[in-house]
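*Asks:* I'd like to go over a predicted model; first the sequence, then the structure.
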Amino acid sequence: MGTIEESLPEKAAGLDASSDAAPAPVRPRQALPPKGSCWYCEKPLDSVKRFCGKACADSFDEEAEYTR
């Protein structure tokens with residue numbers, strides 16, 4: 001049975017490899033503040049969510065691409 005210190009370099013090496021990957025592009029929906037309803041269909045939501053589901057979020061992104 002090894003020590004915790006022996007396992008740390010392996011985990012750190014795995015983290016370094018993933019940090020080289022390019023970050024995901026910022027979507028317009030990520031800059032929107034929560035408003036209490038879905039930004040696409042206006043369905044009432046809590047004060048944290050921006051969209052009621054993935055379908056509305058994807059539709060918002062698609063529409064934003066075409067209206068630039």
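*Replies:* Received it, and whenever you're ready, just let me know what you need.
*Asks:* which stretches of the protein have low pLDDT?
*Replies:* 1-21, 24-27 (pLDDT under 70).
*Asks:* can you give me the helices in it?
*Replies:* Along the chain, counting by DSSP state H, helices occupy 4-19, 54-66.
*Asks:* residues in contact with stretch 35-54?
*Replies:* Counting contacts by Cβ atoms under 8 Å, 6 or more residues apart in numbering, the residues outside stretch 35-54 that touch it are 29, 32-34, 56-57, 59-60, 63. Glycine gets a C-beta too; all of them are placed from N, C-alpha and C.
*Asks:* Put the alpha carbons of that stretch into CSV.
*Replies:* C-alpha atoms of stretch 35-54 as CSV (Å, rounded to 0.1, in the frame of the first residue of the first chain):
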residue,chain,number,x,y,z
LYS,A,35,-34.4,37.2,-14.9
GLY,A,36,-37.0,34.9,-13.3
SER,A,37,-38.2,33.5,-16.7
CYS,A,38,-36.7,31.6,-19.6
TRP,A,39,-34.9,34.0,-22.0
TYR,A,40,-36.4,32.1,-25.0
CYS,A,41,-39.9,31.0,-24.2
GLU,A,42,-40.6,33.2,-21.1
LYS,A,43,-41.6,30.2,-18.9
PRO,A,44,-41.4,31.3,-15.2
LEU,A,45,-38.2,30.1,-13.5
ASP,A,46,-36.4,30.5,-10.2
SER,A,47,-34.0,33.4,-9.8
VAL,A,48,-30.9,31.3,-10.8
LYS,A,49,-31.8,29.7,-14.1
ARG,A,50,-31.7,31.5,-17.5
PHE,A,51,-33.5,28.8,-19.6
CYS,A,52,-36.1,26.2,-18.8
GLY,A,53,-34.2,23.5,-20.6
LYS,A,54,-31.5,22.6,-23.1
